[in-house]
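Undergrad: Predicted model and sequence below, questions to follow.
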Amino acid sequence: MKSTAFSTSKRSADEVIKRALSSVREHLGMEIAYLSEIEGNDSVFRAVDAPGLEDLVKPGDRRSLDDVYCRHIVEGRLPSLIANTADIPMTASMPITTQVPIGSHVSVPIRREDGSVYGMFCCLSPTPNPSLNKRDLAIMEMFADLCADQVNGAITEAKAYDAQSATIRKILDTRDFRVVYQPIYHLDSNRPSGFEALCRFQSEPYRTPDIWFAEAEAVGLGIDLELAVIDAALDGFAQLPEDVYLSVNASPATATSGRLSEVFDGRPLGRIVLEITEHSAIEDPAALMAELEAWRSRGLILAIDDAGAGYSGLQQIVQLSPDILKLDMSLTSGIDTDAAKRSLAAAMVHFATEQRSVIVAEGIETEAELTTLRKIGVHRGQGWFLGKPASLEDVCAALLQGPSAKQA
Ligand code: C2E
Ligand code: MG
Ligand code: MG
């Protein structure tokens, strides 16, 4: 599975704990160091540093709290530092002392932010270690604090991850989103030739859909959410005239998930534009091309979204040879007053023509932008000046009223 921000920071916390264990174990000259978590009546080993003794103790092993020193230390019946377990009647009489065996033992509790005990940070040796002293204990406590910070950071992040995951799951289960449709105009006939489906989520304050999709991806639900939205968006066909196409958005991960059939089977593929949006480098361009080719051979129309911005580089576009290139809004915005944008857009038009692709200009907000785009040979466009995203009902009502009078 793809790494997420959470799994990356969890890995770095694990790394810090591992290094802390081996540093403190080497410093004290002991054989085994571990960090445990108290789970019910068990002590569970979460991280272990015990070179050569991996069979004796390894992460995931658990022991009953009744058998180990841990609870006695937390509750003050045993000291944190035991240089020789034979010197203390309680440790001398506990079966684990001879089983492991344990000759010396240093252990301090790791506490959660609310003060409750998470587990223990512990070093032990099969032999007594008379040199162990208060300074060693102080060092042990320093490392335990460091590990406590990591553990608490991971706990906080895990809670945030779970909450985010639950929010997205609820959205998926209840389909708690709306799809709005923005017209894509044929600039020669001044008619909408299609509509881009855009998703809206309920939140206060408002957050744009790309933020929701990024959050869904971070908890491993990005593909599920994108597919659910595509499915809902395509239901719009039932109400739209037959000569109108629908444009839906998908990340390369969704396109290569092998799950497009969940939303495309039984749909009029020749009336569907799949807009591929790249917010990061494509992991496996060959797999993406193969998957998209299979769908295109059955009629699907392919668009590259946000061309001229970010990752939608020319090389990518040449490779995928899309039917449509969506000119990013950063190029459209102010194109009437910016010669550099004009020549770049004109170059894209030329490039698209050579590639046998059609350009759709995004984010047209003014008449002047529209006029300029027409002049440089753009024949399709989308933007607030032409029509804002609206509900399916409003879109259908507007279609019935006939072509808009957006002449330039
Ligand atoms: P996008 O696919 O490039 O969509 C175009 C964005 O520009 C939309 O923002 C649209 O509302 C906005 N827009 C259109 N015309 C104008 C204009 O004239 N001026 C300005 N300022 N903005 C305009 P929105 O809906 O907030 O979506 C943002 C991005 O979130 C989308 O960019 C797309 O990457 C993603 N997104 C939105 N809906 C979906 C969805 O259903 N699925 C997926 N996978 N991504 C989506
Ligand atoms: Mg788009
Ligand atoms: Mg775009």
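TA: Yep, it's here. Ligands and ions are numbered 1, 2, ... in the order given.
Undergrad: How about the residues of this protein by ligand 2?
TA: Contact residues (C-beta under 5 Å from the ion) of the chain with ligand 2: 249, 275, 305. Every residue, glycine included, has its C-beta placed from N, CA and C.
Undergrad: per-residue confidence averaged over the helix or strand containing the first one?
TA: Taking DSSP states H and E as the criterion, N249 maps to strand 245-250. Strand 245-250 carries an average pLDDT of 97.
Undergrad: For that strand, which outside residues touch it?
TA: When contacts are defined by C-beta atoms under 8 Å, 6 or more residues apart in numbering, strand 245-250 is touched by residues 181, 184, 193-198, 226, 229-230, 233-234, 236-237, 240, 260, 271-277, 301, 303, 305.
Undergrad: Show me these that map onto helices.
TA: If you go by DSSP state H, these have 226, 229-230, 233-234 in helices.
Undergrad: so which of these is the most crowded?
TA: Neighbour count (other C-beta atoms under 10 Å) singles out V229 as the most crowded of the ones in helices among the contacts of strand 245-250, with 29 neighbours.
Undergrad: Tell me, what's the model's pLDDT at that residue?
TA: Note on V229: pLDDT of 98.
Undergrad: Mind listing what's buried along stretch 45-63?
TA: 45-50, 57 (16 or more other C-beta atoms under 10 Å).
Undergrad: Just the mean pLDDT for it, thanks.
TA: Across stretch 45-63, the average pLDDT comes to 93.
Undergrad: ok, which of the contacts of strand 245-250 also contact ligand 3?
TA: D305.
Undergrad: and the contacts of strand 245-250 near ligand 1, which?
TA: Applying C-beta under 6 Å from any ligand atom to the contacts of strand 245-250, one finds that 197-198, 226, 229, 275, 277, 305 fall near ligand 1.
Undergrad: Just the ones in strands from the residues you listed, please.
TA: Among these, the residues falling in strands (DSSP state E) are 197-198, 275, 305.
Undergrad: since we're on P89, how many residues are nearby?
TA: Neighbours of P89 using other C-beta under 10 Å come to 8.
Undergrad: wait, I meant V180
TA: V180 has 19 nearby residues by other C-beta under 10 Å.
Undergrad: gap between the closest residue to it other than its chain neighbours and ligand 3?
TA: Nearest non-adjacent residue to V180, counting by C-beta to C-beta, 6 or more residues apart in numbering: P389, 3.9 Å away. Separation of P389 from ligand 3 (C-beta to the ion, to the nearest Å): 12 Å.
Undergrad: Report the contact partners of P389.
TA: By C-beta under 8 Å, 6+ apart, the residues touching P389 are 180-182, 196, 198.
Undergrad: From these, list the buried ones, please.
TA: By neighbour count, with 16+ other C-beta under 10 Å, the contacts of P389 hold 180-182, 196, 198 as buried.
Undergrad: Quick one: mean pLDDT for whichever strand or helix holds E157?
TA: Assigned by DSSP H and E, E157 belongs to helix 134-174. Across helix 134-174, the average pLDDT comes to 94.
Undergrad: Run through who's touching the strand or helix carrying L325.
TA: Here L325 sits within strand 324-327, counting by DSSP H and E. Residues outside strand 324-327 that contact it (C-beta under 8 Å, 6+ apart) are 273, 275, 301-308, 317, 345, 348, 352, 355, 357-362, 378.
Undergrad: again, 6 Å this time
TA: 303-305, 307-308, 352, 357-362 (C-beta atoms under 6 Å, 6 or more residues apart in numbering).
Undergrad: would you turn these into a markdown table with distance to R112 and neighbour count?
TA: As requested, the contacts of strand 324-327 are exported to a markdown table (distance: C-beta to C-beta, whole Å; neighbours: other C-beta atoms under 10 Å):
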| residue | distance to R112 | neighbour count |
| --- | --- | --- |
| A303 | 50 | 24 |
| I304 | 48 | 22 |
| D305 | 45 | 26 |
| A307 | 50 | 26 |
| G308 | 50 | 23 |
| A352 | 58 | 21 |
| S357 | 57 | 22 |
| V358 | 58 | 18 |
| I359 | 57 | 23 |
| V360 | 53 | 28 |
| A361 | 54 | 32 |
| E362 | 49 | 23 |
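Undergrad: And the lowest-mean-pLDDT helix or strand in the chain, what's buried?
TA: Across the helices and strands of the chain, mean confidence by mean pLDDT, DSSP states H and E is lowest for helix 314-320: a mean of 79. Using 16+ other C-beta under 10 Å as the test for burial, helix 314-320 gives 316-317, 320.
Undergrad: re earlier: is ligand 1 within reach of the strand holding N249?
TA: Yes. Under the criterion of C-beta under 6 Å from any ligand atom, ligand 1 is reached by strand 245-250 at 249-250.
Undergrad: Partner strands of that strand, with direction?
TA: Taking DSSP bridges as the criterion, strand 245-250 forms sheet pairs with strand 191-201 (parallel), strand 272-276 (parallel).
Undergrad: Can I get it as PDB, trimmed to CA atoms?
TA: Taking C-alpha atoms only, strand 245-250 is exported to PDB below (Å, rounded to 0.1, in the frame of the first residue of the first chain):
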ATOM      1  CA  TYR A 245     -21.000  14.500 -22.500                       C
ATOM      2  CA  LEU A 246     -20.000  14.400 -18.800                       C
ATOM      3  CA  SER A 247     -16.400  15.000 -17.600                       C
ATOM      4  CA  VAL A 248     -15.300  13.300 -14.400                       C
ATOM      5  CA  ASN A 249     -12.100  13.700 -12.400                       C
ATOM      6  CA  ALA A 250      -9.800  10.900 -11.300                       C
END
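Undergrad: before we move on, the earlier item: what's in contact with the least confident helix or strand of the chain?
TA: I304.
Undergrad: try it again with 10 Å
TA: 252, 276, 278, 281-282, 285-286, 288-289, 292-293, 296, 302-304, 307-308, 312-313, 322, 325, 347-348, 351-352, 354-355, 357 (C-beta atoms under 10 Å, 6 or more residues apart in numbering).
Undergrad: hmm, back to that, wait, which of the ones in strands among the ones next to ligand 1 among the contacts of strand 245-250 is closest to ligand 3?
TA: D305 (4.3 Å; C-beta to the ion).
Undergrad: still on that earlier bit, which one of the residues of the chain next to ligand 2 sits closest to D394?
TA: N249 (20.4 Å; C-beta to C-beta).
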